[in-house]
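K.L.:
requesting a structural model of the entry that follows:
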Amino acid sequence: MQFELSTCHNDAATIAAAMRTLDAHATVTLDAAHGRLEVLTSAAAAQVLDKLQGLGCGARLLEQPVHISGGSTCCGSCG
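P.N.:
Next up is the predicted model:
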């Protein structure tokens, strides 16, 4: 699932550590320059949003996936 971040001063490692308290296998891809976050997890979106809020991150769930550099939405057609 992907999120748009309005505020977040944490790095990917901090966010990943928080997500792993929900799901030990969670992975994150953070595009801080564009305020985008992808979280691959078995946790529910509401749980992820709660964790992000606990980290001081304002976030909203994106309805449509966007390309996040290094994330799983890459279709290989860039370039």
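K.L.:
I'd guess residue 52 is in a helix, am I close?
P.N.:
Yes. Residue 52 forms part of a helix when assessed by DSSP: H, G, I helix; E, B strand; the rest coil.
K.L.:
quick one: contacts for the nearest residue to it once chain neighbours are set aside?
P.N.:
Of all residues not flanking residue 52 in the chain, residue 59 sits nearest, at 4.5 Å (Cβ to Cβ, 6 or more residues apart in numbering). The way it works is simple: take the backbone N, C-alpha and C, and place the C-beta from them, glycine included. Counting by Cβ atoms under 8 Å, 6 or more residues apart in numbering, residue 59 makes contact with 3-6, 8, 37, 49, 52-53.
K.L.:
check residue 44 too.
P.N.:
Applying Cβ under 8 Å, 6+ apart, no residues contact residue 44.
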